[in-house]
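1. my questions concern the predicted model and sequence given below.
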Amino acid sequence: MIEIKVAQKSDFAVVFPLIKSLWHYRCFNETETRAVFDGIVSDKNAFAFIALKDGNGAGFCHGTFFKTLWMCGETCYLSGLIVHEAYRRQGIGTFLLEKAKAESQMRGAKAIILESAISRKIAHAFYEAQGFEKSCFGFEFPL
């Protein structure tokens, strides 16, 4: 059985291994990551959901709402959608994404946008199967 719940600060221990598994090429400082996680789950302009399967942390997603001129209104930036490798292809990503879509619609967002690393072809196929379209190139400038 899959349960989707709103993430709380006390859920960090469930989420931290998921974060490390998706961005395995980065070294995460647990204290810093906890502070960011606590900020996300406390932010009224954000959401965070955890997927549990048989009581185990199977997935996590979070997003932030902001206003854009190019959408002329509220937009949801889906900052992360992570499904533990052992639980992939079981509908968990779809459940989390549906929850994010419902939250975005409830808040009046005009679109959900996200970024996915160029190398993540399986993730791209998942997003396209969920109705997302490739719309831009993403760039970052490390500071």
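-> In hand now; what should we look at? Numbering: from 1, shown residues only.
2. go through the chain and flag its longest strand.
-> Under DSSP state E, the strand in the chain containing the largest number of residues is strand 56-68.
3. what's the angle between the following helix or strand past that one and strand 56-68?
-> Using DSSP states H and E, the helix or strand that follows strand 56-68 in sequence is strand 73-83. Taking axes from the mean of the first three to the mean of the last three CA atoms, to 10 degrees, one finds that strand 73-83 is oriented at 160 degrees with respect to strand 56-68.
4. which is the next helix or strand following strand 73-83?
-> helix 92-106.
5. circling back: the inter-axis angle of the longest strand of the chain versus helix 92-106?
-> Using the same axes, to 10 degrees: strand 56-68 against helix 92-106 is 30 degrees.
6. list the helices and strands strand 56-68 packs on?
-> helix 12-22, strand 46-53, strand 73-83, helix 92-106 (3 or more CB pairs under 8 Å, 6 or more residues apart in numbering; DSSP states H and E). Bear in mind the C-beta positions are built from the backbone N, C-alpha and C, glycine included.
7. what's the closest of the ones you listed to E128?
-> Of all these, helix 92-106 sits nearest to E128, with 12.2 Å by CB to CB.
8. buried ones in that closest one?
-> Neighbour counts over helix 92-106 (16 or more other CB atoms under 10 Å) mark I92, G93, F95, L96, L97, K99, A100, K101, E103, S104 as buried.
9. nearest to Y127, of those residues?
-> Taking these together and measuring to Y127 by CB to CB, the closest member is L97, at 8.4 Å.
10. can I get the buried residues of helix 92-106 in CSV with pLDDT and distance to H124?
-> Formatted as CSV, the buried residues of helix 92-106 follow (pLDDT from 0 to 100; distance: CB to CB, whole Å):
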residue, pLDDT, distance to H124
I92, 95, 18
G93, 95, 13
F95, 95, 19
L96, 97, 17
L97, 96, 14
K99, 97, 21
A100, 97, 17
K101, 96, 18
E103, 96, 23
S104, 96, 20
